[in-house]
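1. how would this look folded up:
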Amino acid sequence: MGVAVSGWKLAGRISELGQLGVVSGTGLSIVLARGLQAGDPSGKLRHALQQFPVPGVADRIVEKYFIAGGKASGDAYKVMPMPTLQPEPAAVELIVAANFVEVFLAKEGHAGVVGINYLEKIQLPTLPSLFGAMLAGVDYVLMGAGIPRSIPGVLDTLARGEPVRLKIDVAGALPGEDFLSEFDPRKFCAGALPVLSSLTRPRFLGIVASATLAMTLAKKASGPMDGFVVEGPLAGGHNAPPRGALQLSTSGEPVYGERDVVDLGKIRDLGLPFWLAGACGQVGKLDEALRLGAAGIQVGTAFAFCDESGIDPVLKQRAIELSRAGRAWVFTDPVASPTGFPFKVLQMSGTLSAPEEYSARERICDLGFLRQVYRRADGTPGYRCAGEPVSDFLRKGGTLAETQGRKCLCNGLAANVGLGQRRTDGTEELALLTAGDEVANIAQFLPPDSDSYTAADVLQRLLAAPAPVAADWPGRGCPEPVS
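-> Sure, this is the predicted structure:
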């Protein structure tokens, strides 16, 4: 769920309540570094870093980023190195530690299971991110937004403490030319090699939008698949593009048709557990999914606006008020994301979903998680983002059409959780909220005479609901499993 929306507090609470709590693995290096600069008021980040098993790493991170009492409100956060094929050792340490911290805190104090969710489209930090999560004993890894065929084998190799490689998608790469991301656990843990003997391989769930993709992963993945999350286009965040030629509705949203309905029969035939996702935060959806052969449902939007989520409380309250008034809705933007995938944006004034707000924002790419790797003329890798200044993107071989309508998701998503950057002109990055279509119904979870609700309120409603009669699942999918 975005950046730190499904953070350790939310995932840990859901896990404590007996379900699979899943932390978002996106941008965790930003979350840790900026959390320390904000003063780490609860002390939890430093507490988790103290448990990091490789000597010296935590001390270096705290020394570089921690500000006692927090940075001044008008100061900017420190500029951080953007993801590259050959990151500096300090950048790798931050990625590993940030993923460790998030999973460690989510698992602390209970015996429940915890997962972490990554995007296949964000490849450059993947290997150190997985290793950091495994150091903290993560139980599940989930990945979508692409075809994560290599990840099961990577998990197998990391569990043995051996070096891993990941082929990176590079625009313009020549036939037979491979660009690789590499990570060596033994080198990273040079001063604490016994740590590697304690690693266990987490279960891997692929997030898919079609039976064809599920079958491909089941047959051709580099290691064993442990199940699937079947996610339809009503889910928040990135959606899979419609199959076939892209058609837009009168409102400008991608049109999904019969070809996009998932054949659950073929997925059942694979013999692996699967969870249904997208618009599953309703009464009876769990029982409906179980009757269709699923192991359960994945729910994201309902939890995104509960008390334990990472979204700024003011934004959270505004979304709940919109739902109460029947005016909460999302726009499936076909071009907002630099990835090229449709991206759901909650329509709310004062955020970057408002055209006038986004047009006033200076184009800048300083976090770089969604940058595309491309081949320069000399054969070396370059990095570009369709959300960066247009002149920069064109200079790097991109086209003008690719920049039109693109938004800076990295900065907008960080602002959602109170970690927006302060610019030199004194302005602060605005939020860019994503949610599934079920945001219209989040007010259903409010207890009587209350303006907010908890993760327990959501679970109580979803788990105790009577089952409706349903002939089939329409393939309109849900984010982070409620098992």
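
2. Quick one: neighbours of the residue nearest to residue 286 when sequence neighbours are not counted, just the number.
-> For residue 286, ignoring the flanking residues on the chain, the nearest one in space by C-beta to C-beta, 6 or more residues apart in numbering is residue 297 at 5.3 Å. (C-beta placed from N, C-alpha, C; glycine too.) Residue 297 has 27 neighbouring residues, counting by other C-beta atoms under 10 Å.

3. before we move on, what SS does residue 297 have?
-> Look at residue 297: counting by DSSP: H, G, I helix; E, B strand; the rest coil, its state is strand.

4. the strands in the stretch 201-350 of the chain, which residues?
-> Here the stretch 201-350 of the chain has its strands, by DSSP state E, counting those that start in this stretch, at 203-208, 228-231, 274-277, 296-298, 330-333, 343-346.

5. can you list these in a markdown table and add distance to residue 171 and mean pLDDT?
-> Shown next, in a markdown table, are the strands of the stretch 201-350 of the chain (distance: least, C-beta to C-beta, whole Å; pLDDT from 0 to 100):
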| stretch | distance to residue 171 | mean pLDDT |
| --- | --- | --- |
| strand 203-208 | 24 | 96 |
| strand 228-231 | 26 | 95 |
| strand 274-277 | 30 | 95 |
| strand 296-298 | 32 | 95 |
| strand 330-333 | 22 | 92 |
| strand 343-346 | 20 | 92 |
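
6. Dump the ones you listed to CSV, plus distance to residue 65.
-> CSV is the format used below for these (distance: least, C-beta to C-beta, whole Å):
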stretch, distance to residue 65
strand 203-208, 31
strand 228-231, 34
strand 274-277, 35
strand 296-298, 33
strand 330-333, 33
strand 343-346, 30
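
7. Go through those strands and name the closest to residue 245.
-> Nearest to residue 245 among the strands of the stretch 201-350 of the chain is strand 330-333; the distance by C-beta to C-beta comes to 16.7 Å.

8. Longest helix in the protein, by number of residues?
-> helix 89-107 (DSSP state H).

9. And the average pLDDT for that helix is what?
-> Regarding helix 89-107, the rounded mean pLDDT is 98.

10. follow-up on the earlier one: does the residue nearest to residue 286 have beta-bridge partners, and which?
-> Per DSSP bridges, the residues bridged to residue 297 are residue 276.

11. Would you quantify the distance from residue 100 to residue 58?
-> 9 Å (C-beta to C-beta, to the nearest Å).

12. picking up where we left off before, didn't the residue nearest to residue 286 look like it was pressed against residue 284?
-> No. Applying C-beta atoms under 8 Å, one finds residue 297 not in contact with residue 284, separated by 10.5 Å.

13. Stretch 175-185 spans what distance, first to last residue?
-> With C-alpha to C-alpha, to the nearest Å as the measure, stretch 175-185 spans 30 Å from end to end.

14. Then stretch 179-191?
-> 29 Å.

15. next one: stretch 361-375
-> 29 Å.

16. and what of stretch 98-117?
-> Distance across stretch 98-117, first residue to last, is 14 Å (C-alpha to C-alpha).

17. Counting neighbours, show which residues of it come out buried.
-> Across stretch 98-117, burial judged by 16 or more other C-beta atoms under 10 Å covers 98-107, 112-117.

18. same deal with stretch 178-186?
-> Here stretch 178-186 shows 179, 181, 183, 185 as buried, counting by 16+ other C-beta under 10 Å.

19. Please list all residues in contact with the closest residue to residue 329 other than its chain neighbours.
-> Leaving out its chain neighbours, the residue that sits closest to residue 329 by C-beta to C-beta, 6+ apart is residue 347, at 5.8 Å. Applying C-beta atoms under 8 Å, 6 or more residues apart in numbering to residue 347 gives the contacts 329, 330, 331, 353.

20. ok, so of those, who is nearest residue 36?
-> For the contacts of residue 347, the nearest to residue 36 is residue 353 (29.7 Å; C-beta to C-beta).

21. Checking the residue of the chain positioned farthest from its centre next. Helix, strand or coil?
-> Relative to the C-alpha centroid of the chain, counting by C-alpha atoms, centre = their mean, residue 378 is the outermost residue, at 33.6 Å. Secondary structure for residue 378, judged by three-state DSSP, is coil.

22. gap between stretch 260-273 and the chain center?
-> Relative to its chain's centre, stretch 260-273 lies at 24 Å (C-alpha atoms, centre = their mean, to the nearest Å).

23. Then stretch 50-70?
-> Centroid separation for stretch 50-70 versus its chain: 24 Å, with C-alpha atoms, centre = their mean.

24. Not counting its own residues, what contacts that stretch?
-> 32-33, 36-41, 46, 49, 78, 90, 93-94, 96-97, 100-101, 104, 135, 188-189, 191-192, 195.

25. Just the buried ones out of those, please.
-> Buried members of these, scored by 16+ other C-beta under 10 Å, are 32-33, 36-38, 40, 46, 49, 93-94, 96-97, 100-101, 104, 135, 188-189, 195.

26. can you give me the strands for the stretch 351-483 of the chain?
-> 372-375, 381-384.

27. Could you list the buried residues of the worst-scoring helix or strand of the chain on mean pLDDT?
-> Counting by mean pLDDT, DSSP states H and E, the chain has its least confident helix or strand at helix 355-360, which shows a mean of 84. Going by neighbour count (16+ other C-beta under 10 Å), the buried part of helix 355-360 is residue 358.

28. so how far is residue 355 from the residue nearest to residue 286?
-> Residue 297 is 35 Å from residue 355, by C-beta to C-beta.

29. Also residue 75?
-> For residue 75, the distance to residue 355 (C-beta to C-beta) stands at 30 Å.

30. Equivalent analysis for residue 412, please.
-> 14 Å.

31. you'd agree residue 300 is up against residue 436?
-> Yes. Contact criterion C-beta under 8 Å: residue 300 and residue 436 qualify, at 6.4 Å.

32. re the thing from before, okay, the strands of the stretch 351-483 of the chain in CSV with mean neighbour count next?
-> What follows is the strands of the stretch 351-483 of the chain, written out as CSV (neighbours: other C-beta atoms under 10 Å):
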stretch, mean neighbour count
strand 372-375, 19
strand 381-384, 18
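
33. okay, those strands in CSV with mean pLDDT and distance to residue 161 next?
-> Shown next, in CSV, are these (pLDDT from 0 to 100; distance: least, C-beta to C-beta, whole Å):
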stretch, mean pLDDT, distance to residue 161
strand 372-375, 96, 28
strand 381-384, 96, 28
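
34. could the ones you listed go into a markdown table alongside distance to residue 153?
-> Compiled in a markdown table, the strands of the stretch 351-483 of the chain are given as follows (distance: least, C-beta to C-beta, whole Å):
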| stretch | distance to residue 153 |
| --- | --- |
| strand 372-375 | 21 |
| strand 381-384 | 23 |
